[in-house]
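> I need the structure of the sequence given here:
(one chain, ligands or ions: 2)
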Amino acid sequence: EDLVSSVDSEDQLEKLHEAEQLRLNDPYSALREFTAVVREQPLSARAALGRAQCLDAIALAERSNDRLEQAIASYRSVLEIAEDHPELVSERLLRAAANTLVDKLRFRGHLSACVSVQKRLLRLYPDDAVLHNQLGITLLLQGQPAAAQRVFEAVLQRHPNNGLAQVHLGFILKTTRGNNTEGARLMKAGLASQEPGTDDARFFFHLGDALQRLGRPQEAHEVYVEAAAKGLFLRPTQRSLYNVDRLTAKPVWTLEETTYKDFLRKLEENWKDIRDEGLALISAPKSSGYQPEAENLRDRGAWGQLELYSRGRQNRVNCARTPKTCAIVGSFEPAAGCRRGQIKFSLMEGGTHVWAHCGPTNCRLRAHLGLVVPKTEPVPVIRVEDQYLTWREGEVIVFDDSFEHEVWHNGTEARLVLIVDLWHPELSSEERAKLSAV
Ligand code: LMR
Ligand code: MN
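Numbers count the residues shown, from 1 in each chain. Ligands and ions are numbered 1, 2, ... in the order given. Alright, predicted model coming up:
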């Protein structure tokens, strides 16, 4: 039995065996037994692991973070025993404890603690590519892509075909360095490996996007079709990642269909007041006015946004400067309370192209109120899936921005619209209250 650590006496081994039998059906009694062994023999890794697993089960049953923290401490003690007395802990036992410890620390958001555990494990197994990859993933979760990049690069130096390192390094190069060529090459190779952990919607999402930007739309399309067939996207042209499955999905909606017609008509009736408030802030100082679009969606040109609401929360400073607009949208809960959307002015200069992209969620519909729309050709155009729309001053259009959309403004004068996201009408108020903010 390679799970047995040699420190345990005959008597303790019997107790451990008993506790292990009990664990699944009665974690509370098993916990008492494991704890008794730990007291007698603090170096028993097997008792520490058993104790951790009981606490883990209890944490789940009681939905208790305190219990989970106790479980984490106990998993951690297995690692400590192994570091101080390597001969007392089998590799299999240590790895079982360490893998779970890493999962739990990530789940609790203790990412720096997780990184330090992973670095300690790597001191024990310095050549283990799986452990290196796992460290890279935690660094990425932690918002340290440069450090993660170094880890994945090191793995690929020794194992050039490691698929998990390929998808992650490709993802980092594409999303943080704008390196579409190398990003696409690596993500494509990594996905082709079909290694566990590679089958993630985000890799397909960014591989397709990189290919599109490289002028390889046919290959991008194939990637999207494959991911949709795997159930990773709702459709090849609807690639949002935070979805409720049953919702009616269509690219363009009439005002009537949204069920919010009265509100949308009210926006139209007040369009001049809204326009004037949006225009007045164009000359505001750079730091407090329209902010350049920050999601790297622009191919060329200039595109700024002034946020009034985001994730169901008001931007007080901006709302104080656009009081009429905020009074209208702020009193309409499906808009102001839409925690999966925003309300914002969107100012696009002539000479702008926004790459084809999909919004993050299918839980909202996006209304645009036209405020300043140049009338000289070429007028600005938006494509939503395969429909081409334009704006008219004082009129609302509604589309589902989880569908692929792309904007061209090849004219010379700026275009201004008010963007108002609204909860998808088929979401009940209970669902709206429960969904995480996006
Ligand atoms: C978008 O939602 O990506 C664009 O339609 C925004 C805009 O200002 O046109
Ligand atoms: Mn968009």
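> For residue 321, which residues are in contact?
277, 280, 281, 284 (CB atoms under 8 Å, 6 or more residues apart in numbering). Where C-beta positions appear, they are placed from N, C-alpha and C, glycine not excepted.
> so which strand or helix has the first one?
If you go by DSSP states H and E, residue 277 is part of helix 271-280.
> what element comes up after that helix heading to the C-terminus?
strand 291-292.
> Relative to the whole chain's centre, how far out is that next one?
The chain centroid and the centroid of strand 291-292 are separated by 22 Å, computed with CA atoms, centre = their mean, to the nearest Å.
> So for the helix holding residue 277, what gets flagged as buried?
271, 274, 275, 277, 278 (16 or more other CB atoms under 10 Å).
> Format those residues as TSV; extra columns: distance to ligand 1.
Output for the buried residues of helix 271-280, formatted as TSV (distance: CB to the nearest ligand atom, whole Å):
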residue	distance to ligand 1
271	16
274	15
275	15
277	17
278	12
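> start to end distance for stretch 137-153?
Taking CA to CA, to the nearest Å as the measure, stretch 137-153 stretches 13 Å from start to finish.
> Just the strands from the stretch 251-400 of the chain, written as ranges.
252-253, 291-292, 298-300, 303-310, 313-314, 342-348, 352-357, 364-372, 381-384, 387-389, 396-399 (DSSP state E, counting those that start in this stretch).
> Pull the contacting residues for the one residue in the chain that gets nearest to ligand 1.
Closest contact between the chain and ligand 1, by CB to the nearest ligand atom, is at residue 346 (3.3 Å). Under the criterion of CB under 8 Å, 6+ apart, the neighbours of residue 346 are 303, 304, 305, 368, 416, 417, 418, 419.
> rewinding a little: need the strands of the stretch 251-400 of the chain in CSV (columns: mean pLDDT).
Output for the strands of the stretch 251-400 of the chain, formatted as CSV (pLDDT from 0 to 100):
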stretch, mean pLDDT
strand 252-253, 98
strand 291-292, 96
strand 298-300, 96
strand 303-310, 98
strand 313-314, 98
strand 342-348, 98
strand 352-357, 98
strand 364-372, 98
strand 381-384, 98
strand 387-389, 98
strand 396-399, 98
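> how about those strands in JSON lines, adding distance to residue 148?
JSON lines is the format used below for those (distance: least, CB to CB, whole Å):
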{"stretch": "strand 252-253", "distance to residue 148": "39"}
{"stretch": "strand 291-292", "distance to residue 148": "26"}
{"stretch": "strand 298-300", "distance to residue 148": "26"}
{"stretch": "strand 303-310", "distance to residue 148": "28"}
{"stretch": "strand 313-314", "distance to residue 148": "30"}
{"stretch": "strand 342-348", "distance to residue 148": "29"}
{"stretch": "strand 352-357", "distance to residue 148": "24"}
{"stretch": "strand 364-372", "distance to residue 148": "31"}
{"stretch": "strand 381-384", "distance to residue 148": "35"}
{"stretch": "strand 387-389", "distance to residue 148": "39"}
{"stretch": "strand 396-399", "distance to residue 148": "35"}
